[in-house]
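Engineer: dropping the sequence and predicted coords here.
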Amino acid sequence: MQEFNVSTYIKKGLSGVFLIKLTAHVLAFASSFLLARILGADGYGTFNYVFTLTSVLGVICHLGFSPLLTREVASLNSNKSYALLKGIQLWAFSRSFFISLIPLILGYLIIFAFNIPENTTLKTTLLIGLPIIPFASLSLVRQGALRGFQRVLHSQIPDDIIRPFVLLASVIIIWYLHNSVTPELATATNLVAISISFAVGAYWLVKSNSEQIKQSIPSYQSTYWLKSGLAFVAIALMHTVSTNVDILMLGILRPMDDVGVYSIAIKLSNLVAFPLMVTNIVLAPIFSKYLSENKKEKLQKIVTQISSLAFLTALLIGGGLFIFRSFILKQFGSQFTFGASSLVLLISGQLFSVFAGSVGYLLMMAGKENLVAITIGIGIIINIILNYLLIPIYGMYGAAVATSITIVFFNVFNYYWQRKHVGIKTTILKFI
């Protein structure tokens, strides 16, 4: 690929993904706002808890194949290794699907055999929402493959645009017709939306495979892929730890209305990480390409320019949320204003993450995923312990403290590993 093409890809990718993610956030917040207003803090907490739980299990069951496919598909396609390219896709999808059936079946067995949880609404919502697990798992695999084919926009549209749009439209129609929406009905609607978005994404992935790939006899490197994939599982859990483990533990240790309030604070704070998220999605294949070609000077130039833009954008978003935090939270309902203090802490943690830059992705694309896995493994333990100690005393504020400390831990250690083994400066400060 020539430099002109890389530059064009980055510009189109950043602008395209930015628009998609912006639209996605608008749709997601519209859905969250509507559901929070209709269901209240307790009902929204139940809906979001089930969706979070099934999404977390989907992340685990996809075995880290999403970033693995991004790296391997980009490399194999560049080298015209069509047999391996077909093989890794078939291998990743089949493994993820069968693994995802385990928590799905176990979930139903536990609910029926032990009659838990005792909360009837939560139990019914779980029964409806458990099938989300395989869809969540396979959607992550599909996203990784499409990014590897440099179909960045196609990788994001199904889950970021189609799913929230279908959910929002369906909730509006149901509310208009029946003047009532329950957590169970909202979860069923969400399952339908996920099914539709998955079908669209799967179609685009099939279209992205060339005839040479489709006609090839698949070849496999199962041991290598599994070893790398298992390391990527821990890396994929970074997102889970930073945005989901606190919600799950809060649901275990506190009432569901606390989960509802805290969930909105989390969604708002994630807006601060929006610029870094867009950057990682677009640049991951470029990281892999330039690192494999040992073109670190070109890579450094790109990272320096993009990281500065990302941090300044995050600073503007974070500042706006900080100033208007009480007003924004009040729009979801009076109960949600209790999340203002938690929101301030979460904003601070996300700002630090954007400041550190694309440290995790650079390590992964350089083949150093094991180092990231070590950092995350320690971080998960720290996060769970802090949540366990702080939530019973401080409630959702304790969860925010635990999450923010964990985010800082991740980024400090990943930055150290990245500077040592990759050597790219990812912050806006030239002397770091």
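Structural biologist: Nice, thanks for sending it over.

Engineer: ok, now which ones touch the residue nearest to Asn190 when sequence neighbours are not counted?
Structural biologist: The shortest distance from Asn190 to any non-neighbouring residue, by Cβ to Cβ, 6 or more residues apart in numbering, is to Leu167 (5.5 Å). No exception for glycine: its C-beta is placed from N, CA and C like everyone else's. Neighbour list for Leu167: 31, 189-190, 193 [criterion: Cβ atoms under 8 Å, 6 or more residues apart in numbering].

Engineer: where does Leu167 sit, in terms of helix or strand?
Structural biologist: helix 163-178 (DSSP states H and E).

Engineer: show me what counts as buried in that helix.
Structural biologist: Residues 163-168, 170-171, 174-175 are the ones in helix 163-178 that count as buried (16 or more other Cβ atoms under 10 Å).

Engineer: also stretch 413-424?
Structural biologist: The neighbour-count check on stretch 413-424 (16+ other Cβ under 10 Å) flags 413-415, 417-418, 422, 424 as buried.

Engineer: from the residues you listed, which land in helices?
Structural biologist: Counting by DSSP state H, the buried residues of stretch 413-424 place 413-415, 417-418 in helices.

Engineer: residues touching Val408, list them.
Structural biologist: For Val408, the contacting residues are 349, 352, by Cβ under 8 Å, 6+ apart.

Engineer: and what of Val50?
Structural biologist: Val50 makes contact with 122, 125-126, 128-129, 183, 187 under the criterion Cβ under 8 Å, 6+ apart.

Engineer: rerun that using 7 Å as the cut-off
Structural biologist: 125-126, 129, 187 (Cβ atoms under 7 Å, 6 or more residues apart in numbering).

Engineer: one more: Ser96?
Structural biologist: Shown in contact with Ser96 (Cβ under 7 Å, 6+ apart): 61-63, 65, 137-138, 141.

Engineer: repeat that for Phe338.
Structural biologist: With Cβ under 7 Å, 6+ apart, Phe338 has these contacts: Val261.

Engineer: that one and Thr70, how far apart?
Structural biologist: Per Cβ to Cβ, to the nearest Å, Phe338 is found 39 Å from Thr70.

Engineer: ranges for the helices of the stretch 251-400 of the chain?
Structural biologist: Using DSSP state H, counting those that start in this stretch, the helices of the stretch 251-400 of the chain run over 256-269, 274-292, 296-323, 325-330, 340-356, 359-365, 369-394, 396-421.

Engineer: list the helices and strands the helix or strand Ser195 falls within packs on?
Structural biologist: If you go by DSSP H and E, Ser195 is part of helix 183-208. Judged by 3 or more Cβ pairs under 7 Å, 6 or more residues apart in numbering; DSSP states H and E, helix 183-208 is in contact with helix 3-61, helix 120-129, helix 132-148, helix 163-178.

Engineer: looking at these, which is closest to Ser353?
Structural biologist: Ranking those by proximity to Ser353 (Cβ to Cβ) places helix 3-61 first, at 16.1 Å.

Engineer: mind listing what the closest residue to Gln350 other than its chain neighbours touches?
Structural biologist: Nearest non-adjacent residue to Gln350, counting by Cβ to Cβ, 6+ apart: Val272, 3.9 Å away. By Cβ under 7 Å, 6+ apart, the residues touching Val272 are 314, 317-318, 347, 350-351, 354.

Engineer: just Val372 next, same as before
Structural biologist: Each residue near Val372 by Cβ under 7 Å, 6+ apart is listed here: 235, 360, 363-364, 414.

Engineer: give me the neighbour count for Thr223.
Structural biologist: 8 (other Cβ atoms under 10 Å).

Engineer: how confident was the prediction at it?
Structural biologist: In this model, Thr223 is scored at 83, pLDDT.

Engineer: now it: how far from Leu230?
Structural biologist: Between Thr223 and Leu230 the distance is 11 Å, computed by Cβ to Cβ.

Engineer: and for Leu127?
Structural biologist: According to Cβ to Cβ, Leu127 stands 31 Å off from Leu230.

Engineer: list the residues that contact the closest residue to Gly58 other than its chain neighbours.
Structural biologist: Spatially, and ignoring its direct neighbours in sequence, Gly58 is nearest to Ala136 (2.6 Å; Cβ to Cβ, 6+ apart). Contact partners of Ala136, counting by Cβ under 7 Å, 6+ apart, are 54-55, 58.

Engineer: mind giving me the ChimeraX select for these, buried ones only?
Structural biologist: Restricted to buried positions by 16+ other Cβ under 10 Å, the ChimeraX selection for the contacts of Ala136 reads:
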select :54,55,58
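
Engineer: of the contacts of Ala136, closest to Leu19?
Structural biologist: The closest of the contacts of Ala136 to Leu19 turns out to be Ser55 (Cβ to Cβ; 24.0 Å).
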